[in-house]
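[1] have a look at this prediction, sequence included:
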There are 2 protein chains.
Amino acid sequence: MEWEIIPGGVTAPRGFRAAGVYAGLKKANRGKKDLALIVSDTLAAAAAVYTTNKVQAAPLKVTREHLASGWARAIVVNSGNANACTGEQGLKDARRMAEITAEALGCRPQEVVVASTGVIGVPLPMDKIEAGIRQAAQELSKEGSRAAAEAILTTDLRVKEIALRFSIRGRPVVIGGIAKGSGMIHPNLATMLAFFTTDASLDPEQLQKALSLAVDNTFNLITVDGDTSTNDMVVALANGQSGVGPTSEEEYKLFTSVLEYACRYLARLIARDGEGATRLIEVEVRGAHTFMDARKIARAIASSNLVKSAVFGADANWGRILCAAGYAGAELDPERVDIFIESAAGREQLAARGQMVPFDEAKASAILAAEEIRIIVDLNLGMATAVAYGCDLTYDYVKINASYRT
Amino acid sequence: MEWEIIPGGVTAPRGFRAAGVYAGLKKANRGKKDLALIVSDTLAAAAAVYTTNKVQAAPLKVTREHLASGWARAIVVNSGNANACTGEQGLKDARRMAEITAEALGCRPQEVVVASTGVIGVPLPMDKIEAGIRQAAQELSKEGSRAAAEAILTTDLRVKEIALRFSIRGRPVVIGGIAKGSGMIHPNLATMLAFFTTDASLDPEQLQKALSLAVDNTFNLITVDGDTSTNDMVVALANGQSGVGPTSEEEYKLFTSVLEYACRYLARLIARDGEGATRLIEVEVRGAHTFMDARKIARAIASSNLVKSAVFGADANWGRILCAAGYAGAELDPERVDIFIESAAGREQLAARGQMVPFDEAKASAILAAEEIRIIVDLNLGMATAVAYGCDLTYDYVKINASYRT
């Protein structure tokens, strides 16, 4: 497939503008941006994937109502306050965020997606939100993606942004995205926000199908610490301004694979940016009997505190890898399992058929000391494969999470 | 019910002796004990509960074979090496451990329970094991429980030992126990060993039923870090030397409740002794629709890295508690949930009907700074209750687990 990475993030596709401003929600980080707007010039097909946590924040409920139509114009996001566990007032506030945005843009409130991230259980300071939205609406621009990407961050260290250009029937199409996430990240979208824009032309059902598939293969396989959150969502808007969209099955596959690439790119950045993390861990499970088995085992290994701590210590403790595979609840014959590690520093086999093989400890340690490492577990049972993304568990993870709220 | 705590651990019941010696398996801890023997003077009814990990260590397989008869004389345990993922050689070595023990004691190898804990994937040094078993057999005594309790530890900080005396039909009966665990501890018995002795007279089926129930309500509700291990087992021996055993349903209930008390006592010590832990966390879930729901939610909260980190920081972050309840996979209506914390420093309500209630931050922080804290979550849905046991997540957890193997 042919596509290229281009600058511009969510404002790279035609007909999208964005802004990010400081509304005063992040007290501890005075001066950092905390309110973002992403706007399509015209009504866009809209799709979304939400957290599976039974506790769902007010903005999710409101967004679900608004996207029932399948169409939207704008996304408003604040960081610093999750508007979760805030009861009736929270719902009222989330609806009011959409109304203020609609007023400022001249659209209907039902065309506005609302998202929030931050502390749970504290009412939104609506005066600050309102001033922030009005300011952001005035600052909307074709160069606004980066500011929006900054404004959705919480404990993230890095801005997460991507844009990809490809072509459908000879005409250029762009997909852009920004994301937020670090800590509380787990399979089912924990405190993870991602917003995609595209100028491709798709109907809402097509877009939803592509987004659901892409998210399932990428964001849902990130595990930073095993918790899932109340506020996570991934939203995509397709405004058709390129004048072209996928019509054949082949074109649709192309669109989906580019969207999936964008999702994977951002998902890897999130995993790499896990709270306190020093290393990205990719866990590839091969030779599983079923795809679900491969996913379960990959996730169990990537979210094991003991594996994550061992990687932090660059300790090739393959017994913990096998042990995590053993409690994943998937089909497994320990006496068939092969385990390898690889990184820019090389590759080494640690176990064959469930038993230790003699390996070079110094080399194994060097492999694990790289910034991005891959653990490969071959079950030797079948043909299914999955990759999960995680990070190491460090002193700084504990430090950050021991005092986040205060 | 009337019982009293007495000294003596596993050698407190009549007809049991024990020993713990240094066999040279713990290289990094030269001089610490690493091999234990617990022996009944006469053949005893035996029961066991094993890890549910699909990867099971050689000693578990051998013990399962030996306990098929329902009777045993001795338990041999080594620490420092788990004899897991060691293939055919591992099975051979575990069988040989039983043979050496049987020779030294003058019983049959099939009457010996074998257990190991420590590093995975490294063959047992059988010369050291053999010398250690012979030495331990010579040192067996009525005062040997403490030495045995020391010899089964790995990263534990404290010895875990209990003995309880009660009476059946006016005659004294004793249950003793020792345990090992810290790190890799989770519901289904991870790197957790516990051994119980009693001079009550029970048949193997009665003993198995009592042990399974007691373990399910105690050890299976400990969660230190979410991983389950390859080597865990709980074994009980009942040699009948008191001359009395439960015959009525009431007496059997008494026996089971004393055994459960002993299990809970040791389980709490294990949770409190989690790697790097500074606090014991008890999570009590009330008002669940079913007992399973209560257990799921209690375990999800007690094993949430975010809750554990917040407790370490004495931060009353109730949003994380509710959030963990939300992804537990149990029935829950967020808008009915009440959350409280309590400890020796007092009690405070943090949330009512899923929303923040104004609370005294300083007092909440003081409550969480105690050594043993209780998080109470009332779902207000039904009548079922469960308590799970965990600990806080600290810098030292990461430190210990980043370099355990090397």
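    Cool, got the structure.

[2] wait, A:Asn231 touches A:Thr191, no?
    Yes. Here A:Asn231 reaches A:Thr191: they are 6.1 Å apart, a contact under CB atoms under 8 Å. Placement of C-beta: from N, CA and C, glycine included.

[3] need the overlap of contacts for these two.
    Both A:Asn231 and A:Thr191 are in contact with A:82, A:117, where contact means CB atoms under 8 Å, 6 or more residues apart in numbering or on different chains.

[4] list the contacts of A:Val377.
    Contacts of A:Val377 by CB under 8 Å, 6+ apart are A:283-286, A:297-298, A:301, A:321, A:325, A:337-340.

[5] for A:Ser212, which non-adjacent residue is spatially closest?
    Take A:Ser212 and drop its neighbours on the chain: the residue closest to it by CB to CB, 6 or more residues apart in numbering or on different chains is A:Val49, 6.0 Å away.

[6] partner strands of the helix or strand hosting that neighbour, parallel or antiparallel?
    Assigned by DSSP states H and E, A:Val49 belongs to strand A:35-50. Strand A:35-50 sits in its sheet next to strand A:16-21 (antiparallel), strand A:71-81 (antiparallel), strand A:233-238 (antiparallel), going by DSSP bridges.

[7] quick check: mean pLDDT across the second one?
    Averaging the model's pLDDT scores along strand A:71-81 yields 96.

[8] helix or strand right after it?
    helix A:87-105.

[9] ok so, going back, show the subsequent helix or strand relative to the strand holding A:Val49.
    With elements assigned by DSSP H and E, the helix or strand that comes after strand A:35-50 is helix A:58-66.

[10] buried residues in that following helix, which are they?
    A:58-63, A:66 (16 or more other CB atoms under 10 Å in any protein chain shown).

[11] equivalent analysis for stretch A:376-386, please.
    Within stretch A:376-386, the residues that qualify as buried are A:376-379, A:381, A:384-386, counting by 16+ other CB under 10 Å.

[12] going by distance to chain B, which of these wins?
    Distance to chain B across the buried residues of stretch A:376-386 (CB to the nearest CB) is lowest for A:Leu379, with 11.1 Å.

[13] ok, and the closest non-adjacent residue to that closest one?
    A:Gly287 (4.4 Å).

[14] the one you found should be in a strand, yeah?
    Yes. According to DSSP: H, G, I helix; E, B strand; the rest coil, A:Gly287 belongs to a strand.

[15] was I right about it contacting A:Ile339?
    No. Counting by CB under 8 Å, A:Gly287 does not reach A:Ile339; the two are 11.9 Å apart.

[16] would you map the helices across the stretch 151-300 of chain A?
    A:204-217, A:249-272, A:291-302 (DSSP state H, counting those that start in this stretch).

[17] just name the most buried of those helices.
    helix A:291-302 (a mean of 24; mean count of other CB atoms under 10 Å in any protein chain shown).

[18] beyond it, next helix or strand please.
    Following helix A:291-302 in sequence, per DSSP H and E, is helix A:305-312.

[19] against which helices or strands is that following helix packed?
    With contacts taken as 3 or more CB pairs under 8 Å, 6 or more residues apart in numbering or on different chains; DSSP states H and E, helix A:305-312 sits against strand A:280-288, helix A:318-326, helix B:395-402.

[20] tell me which of the ones you listed sits nearest to A:Ala72.
    strand A:280-288 (32.8 Å; CB to CB).

[21] neighbouring strands - and their directions - for that closest one?
    Strand A:280-288 has these strand partners (DSSP bridges): strand A:372-378 (parallel), strand A:384-391 (antiparallel).

[22] what about the shortest one, distance to the chain center?
    Relative to its parent chain, strand A:372-378 has a centroid offset of 21 Å by CA atoms, centre = their mean, to the nearest Å.

[23] what angle do it and helix A:291-302 make?
    Angle, strand A:372-378 to helix A:291-302, by axes from the mean of the first three to the mean of the last three CA atoms, to 10 degrees: 130 degrees.

[24] ok, the longest one next?
    Using the same axes, to 10 degrees, the inter-axis angle of strand A:384-391 relative to helix A:291-302 is 20 degrees.

[25] tell me the angle strand A:384-391 makes with helix A:305-312.
    70 degrees.
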